[in-house]
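Visitor: Sequence and computational prediction follow.
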Amino acid sequence: MRAHLTDEEKEARLEDWLEMSAAGATLQEMGDKYGITRERVRQCLLKVGVVHGEIKEARRLRLAALPITCHICGKQYQRGERHYVAGAHRNMIFRRSAKQIERDAGIAADYDQGMLLRDIVAKYKTSATMVTRALAWAGMKPNRHPTAARLPTIEASIARYEAIAADYDREELLNEQIAEKHGVTTSLVGIALRRLHVPALTRSEALRRRARILHKQGRRGNGKK
């Protein structure tokens, strides 16, 4: 049978619990020290106005302020500092080989020079996912939108738009043929025409235009010669 504590002993125990809680101890640890349950500890603290949730929140804040030791490089950093962002450190974490680092650098350089995503995939015989990861190492994000094929400069984009519009005005090529000629999608052909304020055709006008082009090319309405 547990002996009753005097008021002085209870006060000393309470002060010890407050010190332990300030140091980050749990209710279970405080109870184990005095041979009682954690629920009893919570009740005793509640009598003096100390709420268990407040202890947990204070503990969480204290732990959040403590530095974390990296298990890879041994350096200390604070939460939220994005310690793994540095390129050399990420190489240590994911164990990228020298060949992979060289390939990823080449992918980033080609993309920075204006090469399209699909061309990079074909050049390095890899997947779009791997190209995306390679660009992420360099802090870049690919533009996957099919109607926004990227060129190095705004001037180059404008020149391509003008060339597309010129082919469209000559009525010698269908839209899909213009797209194939310039290495873009048919959606981008439409965007180029809208950017240069070329009047949009109605469905009947578009069909008549297509018939004229097919006639010039010596083909029937179904596209066959």
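Guide: Received, thanks.
Visitor: quick one: low-confidence parts of this structure?
Guide: Counting by pLDDT under 70, the chain shows low-confidence ranges at 1-3, 51-59, 70-74, 80-96, 142-154, 220-225.
Visitor: Tabulate the CA atom coordinates of the helix or strand containing E180 in PDB.
Guide: Following DSSP states H and E, the helix or strand that holds E180 is helix 175-182. Taking Å, rounded to 0.1, in the frame of the first residue of the first chain, the C-alpha atoms of helix 175-182 are listed here in PDB:
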ATOM      1  CA  ASN A 175      -2.900  23.100 -91.000                       C
ATOM      2  CA  GLU A 176      -1.500  19.700 -90.100                       C
ATOM      3  CA  GLN A 177       1.100  20.000 -92.800                       C
ATOM      4  CA  ILE A 178       2.100  23.500 -91.500                       C
ATOM      5  CA  ALA A 179       2.500  22.000 -88.100                       C
ATOM      6  CA  GLU A 180       4.600  19.200 -89.400                       C
ATOM      7  CA  LYS A 181       6.800  21.600 -91.400                       C
ATOM      8  CA  HIS A 182       7.500  23.700 -88.300                       C
END
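Visitor: Surely K141 and L135 touch.
Guide: Yes: K141 lies in contact with L135 (C-beta atoms under 8 Å); the separation is 6.5 Å. Bear in mind the C-beta positions are built from the backbone N, C-alpha and C, glycine included.
Visitor: what about those two, which has more around it?
Guide: L135 (19 against 10; other C-beta atoms under 10 Å).
Visitor: right, and the helix or strand after the helix or strand hosting that one?
Guide: For L135, the element it lies in under DSSP H and E is helix 128-137. Going down the chain from helix 128-137, the next helix or strand is helix 154-170, by DSSP H and E.
Visitor: Can you give me the buried ones in the helix holding L135?
Guide: M130, V131, A134, L135, W137 (16 or more other C-beta atoms under 10 Å).
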